[in-house]
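Engineer: Quick one: sequence plus predicted model below, questions after.
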Amino acid sequence: MPFQSLNIIEPILKALQEEGYEIPTPIQSQSIPIILQGTDLLGCAQTGTGKTAAFAIPILQLLSENKTYIKTRKIRSLIVTPTRELAIQIGESFQSYGRHTGLKHTVIFGGVNQNPQTSSLRGGVDILIATPGRLLDLLNQRHLSLSNVEIFVLDEADRMLDMGFIHDVRKLLTVLPKKRQSLFFSATMPPEIVKLASTILYNPKKVSVTPVSSTVDIIKQYVYFVDKGNKNALLIDVLKDKDIKTALVFIRTKHSADKVAKILIKHNIKAEAIHGNKAQNARQRALANFKDQTTRVLVATDIAARGIDIDELEYVINYDIPNISETYVHRIGRTGRAGAKGTALSFCDAEEKAYLRDIEKLISKKIEVIDNHPFPLLDHNPVKAPKQQQRSRNSGHSRPKPSGNSSSKKWYGKSKSSR
C-alpha cells in the first residue's frame, strides 16, 4: 500500500518521494488515517518503527488544509519529547516532510542559550517541538503561548516517566486548550503510563505495533561471557573485524563512556562519547561525525542515545548489560531499522547474568552465546550487587551451556588478541 492510498496531499507526497519513501510502515499506515480524522490516538510502538512520520505527516496535512492567515503565526501544534536529541530529530523530520507546505516549525530544548530560540518564537511558528523543562521555562517567561494549540503530541511517554518529567507534563496540561486533538506514543504501556494517557486523551483509537517484548526478527543477537576487567580488551578485539564499519556502544555511566572512548582512541580506533554532561554542540558534532562515518564508534549512555536514528547502523554493542530488560530492546532497536541488517553483541560479566536472564525472559528467546573468544569468563562468582540493584539470583553455574553451534561462531577479526 503506497502513501498515495492514505489520501496525503500533494506537497507532502512530493517531499516523501524526494526522501525516497514509498511504502508506509505499519504504524504509519494505521495511525495516519486516524489522525487525519481528528481523532485522539494512543500508540504503542518501539523505536525504529517509523513513529515520527506517523504523526508528523498528518499534522502537516491538517495544519496545511486549515491555514490561518494572520499577521503573526501562532503555535498550532505542540510536540513534547524527553531529550534534546529526539527533539532535534523530530524537527528534522518536520523539515523534510513539510518543505513544500509553507509551514514553519522550531525546536527548543535546555542546555543552550535561549536567545536564538526565543528569537525564532518571536518570528512566529506553526509547530513547536520541545523538551519539557525549557518549554515550561519559556512559558513562565512569557516568551510563548499555547492557547492556540490544536494538536498536542506526547512522544516517548515511558522515557518521560523514567526521566522524572511526569510533573512537568501535568503542568503543561493545565495551560493547553481543553478542545484539542491529542496523540500519545509510548514504547511500553505500564499501568502508570495508561493512567497518564487517560488524563490526556478523549475516546482515543488505539494502535499497537511491534510490542516491546518482541525484538525485530532480522536483528542477530549474540552474547559474550567475559570478566568485567576484560571488557575493554574484548571490545578492541571485536572491532578488529573490518566488516564493522560503525558501531554504537552502550555503556552504563558517563564516566565509563569517556574512559572507553579514550581507550579506543589509544588503540587507533576513531571514537567519541556522548552523554548528558557533554555540551549540546559537542553531542551534535559527535553524532554528525558518526552518521558520516568519520567516527567509527560512538560510545553512549542510554539517555544520550535516545534520539539516535541512523538507517544504516548495523552493529550495536552492549558493553554493559542493562538492568532494565526493556532498555535492551530499545538499544538493539537502533539497528535493523527499515528492514536493514542488524547485529547486537552483548558483553556479560558474572554480575550481569541475572539481567541477561531477565532479558531472555522478556524477549522469549535464548541469545546465542559466543564462547570461542580470547577473553572467556573465569570468575563465575558475582560480587555482591550494590544495595539498590540487589535481586534474587542463582549461581552463574546454573546457566545452561551454549549449544555446539554457538561455539563455532566468531564476531571478532583474528583469533589472536593484543593483550
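Structural biologist: Sure, I can see it. This is a predicted model, so every value here is computed, not measured.
Engineer: pLDDT wise, what is Lys401 at?
Structural biologist: Lys401 is assigned a predicted lDDT (pLDDT) of 36.
Engineer: pretty sure Val207 is in contact with Ile32, am I right?
Structural biologist: No - using Cβ atoms under 8 Å as the test, Val207 is too far from Ile32 to be in contact (10.1 Å). To be clear about C-beta, it is placed using only N, CA and C from the backbone, and glycine gets the same treatment.
Engineer: and after the helix or strand harbouring Leu13, which helix or strand comes next?
Structural biologist: Using DSSP states H and E, Leu13 sits in helix 10-18. Going down the chain from helix 10-18, the next helix or strand is helix 26-36, by DSSP H and E.
Engineer: Packing partners of that next one?
Structural biologist: With contacts defined as 3 or more Cβ pairs under 8 Å, 6 or more residues apart in numbering; DSSP states H and E, helix 26-36 has these neighbours: strand 41-45, helix 51-65, strand 205-209.
Engineer: CSV please, covering these and showing distance to Val107 and mean pLDDT.
Structural biologist: Below are the helices and strands packed on helix 26-36 laid out as CSV (distance: least, Cβ to Cβ, whole Å; pLDDT from 0 to 100):
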stretch, distance to Val107, mean pLDDT
strand 41-45, 21, 91
helix 51-65, 13, 94
strand 205-209, 25, 91
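Engineer: Same list (these) but as JSON lines, adding distance to Pro191 and mean neighbour count.
Structural biologist: What follows is the helices and strands packed on helix 26-36, written out as JSON lines (distance: least, Cβ to Cβ, whole Å; neighbours: other Cβ atoms under 10 Å):
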{"stretch": "strand 41-45", "distance to Pro191": "14", "mean neighbour count": "24"}
{"stretch": "helix 51-65", "distance to Pro191": "22", "mean neighbour count": "23"}
{"stretch": "strand 205-209", "distance to Pro191": "16", "mean neighbour count": "17"}
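Engineer: what's near enough to touch Phe225?
Structural biologist: Neighbouring residues of Phe225 by Cβ atoms under 8 Å, 6 or more residues apart in numbering: 348-349, 369, 371, 376-377.
Engineer: Let's have these in JSON lines, adding distance to Glu312 and neighbour count.
Structural biologist: Formatted as JSON lines, the contacts of Phe225 follow (distance: Cβ to Cβ, whole Å; neighbours: other Cβ atoms under 10 Å):
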{"residue": "Cys348", "distance to Glu312": "27", "neighbour count": "24"}
{"residue": "Asp349", "distance to Glu312": "30", "neighbour count": "22"}
{"residue": "Val369", "distance to Glu312": "28", "neighbour count": "21"}
{"residue": "Asp371", "distance to Glu312": "30", "neighbour count": "15"}
{"residue": "Pro376", "distance to Glu312": "32", "neighbour count": "14"}
{"residue": "Leu377", "distance to Glu312": "33", "neighbour count": "18"}
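Engineer: Let me know the closest of those residues to Asp302.
Structural biologist: Nearest to Asp302 among those is Cys348, at 17.1 Å by Cβ to Cβ.
Engineer: Specify the beta-bridge partners of the closest one.
Structural biologist: Phe225 (DSSP bridges).
Engineer: how about the helices and strands packed on helix 26-36 in a markdown table, adding distance to Gly91?
Structural biologist: Output for the helices and strands packed on helix 26-36, formatted as a markdown table (distance: least, Cβ to Cβ, whole Å):
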| stretch | distance to Gly91 |
| --- | --- |
| strand 41-45 | 20 |
| helix 51-65 | 10 |
| strand 205-209 | 23 |
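Engineer: Tell me the buried residues in the helix holding Leu13?
Structural biologist: Going by neighbour count (16 or more other Cβ atoms under 10 Å), the buried part of helix 10-18 is 11-13, 15-16.
Engineer: Closest to Asn289 out of these?
Structural biologist: Closest approach to Asn289 among these (Cβ to Cβ): Ala15, at 26.9 Å.
Engineer: my read: the closest one touches Phe94, true?
Structural biologist: No - using Cβ under 8 Å, Ala15 is not in contact with Phe94; the gap is 10.4 Å.
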